[in-house]
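[1] give me a model of this one.
(2 chains)
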Amino acid sequence: AQKVTQAQTEISVVEKEDVTLDCVYETRDTTYYLFWYKQPPSGELVFLIRRNSFDEQNEISGRYSWNFQKSTSSFNFTITASQVVDSAVYFCALTPLLQGAQKLVFGQGTRLTINP
Amino acid sequence: AAGVIQSPRHLIKEKRETATLKCYPIPRHDTVYWYQQGPGQDPQFLISFYEKMQSDKGSIPDRFSAQQFSDYHSELNMSSLELGDSALYFCASTARTGSGYTFGSGTRLTVV
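    Here you go, the predicted structure:
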């Protein structure tokens, strides 16, 4: 069985601060995908990144960066110089890399509030 | 680029009524997933279809049923609605495992 834990229920920071959202996962599968999604107040799920378990390279996309550490089963997400528009609920998710339809297992989500 | 289309966007029903939610996947995507997200909760997997056959089932109540049609669109049928069924219902589609789940904008169901 898979499990994703986002221990931080809510985070509140002031604009321009850096913030890191933690994600820890459990799986017996040797190959899997990890995802991050953003859910703004409007409700849609916005895809941010997908990481293959084979690839432990960190990734940077503008102000966003992701740190994948297979040894600690963590896939943390950092926003640098946060902005008010970053306020949203962020979900980390996991799925095994297997044939056939494989569901996404989500973490509980972290509500991030960026204050002006 | 075409996205996953869900209809309706909003739906208000009374207790004990029925509701049908529709999902149109991205063209050439053969797998559809349904998720339910209650207020303040993470999305919970309900059911999935691969090539028009049910492939996995999660915590879907017996009052709910779903199917995938020959054109790959899917419908989630919900009967005897309860107040607790009020939630955001997402559909997602993929072309193959983990290739990138594309979510629709969701249907917000309110049961009164």
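[2] can you map out the strands along chain B?
    B:5-7, B:10-13, B:19-24, B:31-37, B:44-50, B:53-57, B:64-68, B:74-78, B:87-94, B:102-103, B:107-111 (DSSP state E).
[3] buried ones in the fourth one, by neighbour count?
    Same thing as strand B:31-37. The neighbour-count check on strand B:31-37 (16 or more other C-beta atoms under 10 Å in any protein chain shown) flags B:T31, B:V32, B:Y33, B:W34, B:Y35, B:Q36, B:Q37 as buried. Where you see a C-beta, it was placed from the backbone N, CA and C, and this is true even at glycine.
[4] how about the residue nearest the centre of chain B, nearest residue that isn't a chain neighbour?
    Geometric centre of chain B, nearest residue: B:W34, 3.5 Å, by C-alpha atoms, centre = their mean. In space, and not counting its chain neighbours, B:W34 is closest to B:L46: 4.3 Å by C-beta to C-beta, 6 or more residues apart in numbering or on different chains.
[5] ok, now which ones touch that neighbour?
    For B:L46, the contact set (C-beta atoms under 8 Å, 6 or more residues apart in numbering or on different chains) comprises B:W34, B:Y35, B:Q36, B:K57, B:G58, B:S59, B:I60, B:F64, B:A66, B:L76.
[6] out of those, flag the one nearest to chain A.
    B:G58 (6.8 Å; C-beta to the nearest C-beta).
[7] find the nearest non-adjacent residue to the closest one, please.
    Per C-beta to C-beta, 6+ apart, closest to B:G58 is B:F45, 3.8 Å.
[8] does chain B sit close to the lowest-mean-pLDDT helix or strand in chain A?
    Lowest by mean pLDDT, DSSP states H and E among the helices and strands of chain A is strand A:59-61, with a mean of 89. No - judged by C-beta under 8 Å from any C-beta of the partner chain, strand A:59-61 makes no contact with chain B; its nearest approach is 15.3 Å.
[9] buried residues, the helix or strand just after that strand. List them.
    Reading on from strand A:59-61 to the C-terminus, the next helix or strand found by DSSP states H and E is strand A:64-69. Along strand A:64-69, these residues count as buried under the neighbour rule (16+ other C-beta under 10 Å): A:Y64, A:S65, A:W66, A:N67, A:F68.
[10] show me what the last one is bridged to.
    For A:F68, the residues forming beta bridges with it (DSSP bridges) are A:F75.
[11] from chain B, how far out is it?
    15 Å (C-beta to the nearest C-beta, to the nearest Å).
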